[in-house]
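Novice: this one's structure only:
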């Protein structure tokens, strides 16, 4: 019911001029960042994977999208990665190098760092959506 694109962005801009554009640019930059590689494979479209990561984080925070097939999450994200995602986004102080090393062993560190960036931006957007929705309810 309440998305960044349809509600959050405009409310943030209304409350604090131009911050919505800066946040939106940050979210989009991290979301669209890709080298088009996966481990040793090149020229790979990683859009589906990036979307699954982002939506999985939102799902953990209770935000679900009717137009997204959550079956993709189970197809694309192995169990060790899901455990890592939950720890990083919900309990970041518990994240260890061992956990980081336990998923996607064949992937480059730059790809794994990008996963971390996606997770943190998805978490930030989810938290913003909850706060902005509360503000919207208060204003109406």
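Specialist: Cool, the structure landed. Note that this is a predicted model, so its numbers are computed, not measured.
Novice: and the nearest residue to residue 15 once chain neighbours are set aside, what pLDDT?
Specialist: Take residue 15 and drop its neighbours on the chain: the residue closest to it by CB to CB, 6 or more residues apart in numbering is residue 135, 7.4 Å away. The way it works is simple: take the backbone N, C-alpha and C, and place the C-beta from them, glycine included. As predicted, residue 135 sits at a pLDDT of 96.
Novice: can you check residue 80 too?
Specialist: pLDDT, residue 80: 90.
Novice: in stretch 6-17, what's buried?
Specialist: Using 16 or more other CB atoms under 10 Å as the test for burial, stretch 6-17 gives 8, 9, 11, 12, 13.
Novice: any chance you could list what contacts it?
Specialist: Residues from elsewhere that reach stretch 6-17 (CB atoms under 8 Å, 6 or more residues apart in numbering): 2, 19-21, 23-24, 125, 128-129, 132-133, 135-136.
Novice: would you map the helices across the protein?
Specialist: 9-15, 19-32, 47-60, 71-76, 79-90, 97-102, 109-139 (DSSP state H).
Novice: tell me how many other residues crowd the residue nearest to residue 15.
Specialist: If you count neighbours by other CB atoms under 10 Å, residue 135 ends up with 15.
Novice: cool, residue 68 as well?
Specialist: Neighbours around residue 68, by other CB under 10 Å: 15.
Novice: noted, bye for now.
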